[in-house]
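Enquirer: Here is my input; please provide its structure:
(one chain, ligands or ions: 1)
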Amino acid sequence: MFESLSERLDSAFKLLKGEGRISEINVASTVKEIRRALVDADVNYKIAKDFTDRVKDKAQGEKVLTAISPGQLMVKIVKDELAELMGGEAAELELKANPTIILIAGLQGSGKTTFSGKLANFLKTKKGKKPLLVAADIYRPAAIDQLKVLGGQIEVPVYSEPENKNAVQIAENAIKEAKQNGNNVIIIDTAGRLAVDEAMMTEVANIRKAVQPQEILFVVDSMTGQDAVNTAKAFNDRLDFSGVVLTKLDGDTRGGAALTIKYTVEKPIKFVSMGEKLDTLDVFYPERMAQRILG
Ligand code: GDP
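Expert: Now for the predicted structure:
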């Protein structure tokens, strides 16, 4: 992931690491190259421009021109700005309520069901929780089976009602079941469509109203770049979700979604998913990601 962006930024900094004196022209060319690299990583032009304007201001304020190692100072400025762009501090899940209800939403194929399994595994093994997975996709019977297979692998129960076509009822019944069985986290995997549509939004909104979740996590495929950001906007307008999950970061993603979702919808990225195995889920730390991008 981010290989191309990392390489491009690296070569931008080389403009400040060469022999001889650094000039304002060197700094300007570096900043311009950073902007191009961001746009090529599928960052919206205005966001890339605002970003490099901030970098330019800081470079002036911190006197990059006369610094002993201008290249290193510039890397630090860009790293801090990247971390800030991606959200600054890491955002933890809200897990105090008993039971805690977590609603999972997103387009079909984004990785919702896989993430639901990974999250259940994470909460069980890392947080000592007793989760219940709920299959609330009433359109694809295969989704129920998929969740059951995942639940079986991590030994987490899966609630489903294959004959029931009312997702709100399924979610409500699942909560009753969880309370009876002492499950303290309930993860509800909802149906997804190929594109944002009114029926899907209404259904998720209805489940939300009925179960009052503590967390609504929006799952999105990081490979879809600016489309991911636009989809996030559409979901956030309707659902006012609490956090983003970026999937498929192990793939050939250019980075645009990771870099700009937080800035655009003002909601934190809470997890990144990096593979099909159930233990490839990480809490998202903006600073570590910035460090990784800058190598
Ligand atoms: P859903 O339709 O949103 O529930 O999506 P699925 O969970 O069924 O995932 C769609 C496809 O993406 C499946 O083939 C998953 O194995 C795959 N997938 C999910 N998350 C990741 C990930 O982080 N990395 C990779 N490489 N594949 C993933």
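Enquirer: what about residue 104, which SS state?
Expert: Following DSSP: H, G, I helix; E, B strand; the rest coil, the label given to residue 104 is strand.
Enquirer: For it, list the residues it contacts.
Expert: Neighbouring residues of residue 104 by C-beta atoms under 8 Å, 6 or more residues apart in numbering: 112, 115, 116, 119, 187, 188, 189, 190, 217, 219. The C-beta positions use only the backbone N, C-alpha and C, and glycine is treated the same way.
Enquirer: what does the stretch 101-250 of the chain have sitting close to the ligand?
Expert: 106, 108, 109, 110, 111, 112, 113, 114, 192, 247, 248, 250 (C-beta under 6 Å from any ligand atom).
Enquirer: any idea how far the fifth one is from residue 222?
Expert: Going back to what we said before, that points to residue 111. According to C-beta to C-beta, to the nearest Å, residue 111 stands 9 Å off from residue 222.
Enquirer: Of the contacts of residue 104 - the most surrounded one?
Expert: For those, the largest neighbour count, defined by other C-beta atoms under 10 Å, is 31 neighbours, found at residue 189.
Enquirer: near the ligand, anything from whatever helix or strand residue 260 lives in?
Expert: Counting by DSSP states H and E, the element that carries residue 260 is helix 256-265. No - with C-beta under 6 Å from any ligand atom as the criterion, the ligand is not reached by helix 256-265; the gap is at least 12.7 Å.
Enquirer: Restricting to C-alpha, output that helix in CSV.
Expert: Provided in CSV are the C-alpha atoms of helix 256-265 (Å, rounded to 0.1, in the frame of the first residue of the first chain):
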residue,chain,number,x,y,z
GLY,A,256,-6.5,8.8,-1.1
ALA,A,257,-9.2,7.3,1.0
ALA,A,258,-7.0,6.8,4.1
LEU,A,259,-5.7,10.3,3.7
THR,A,260,-8.9,12.3,3.2
ILE,A,261,-11.9,10.5,4.7
LYS,A,262,-11.4,12.0,8.2
TYR,A,263,-10.9,15.5,6.7
THR,A,264,-14.0,15.2,4.5
VAL,A,265,-16.6,13.6,6.9
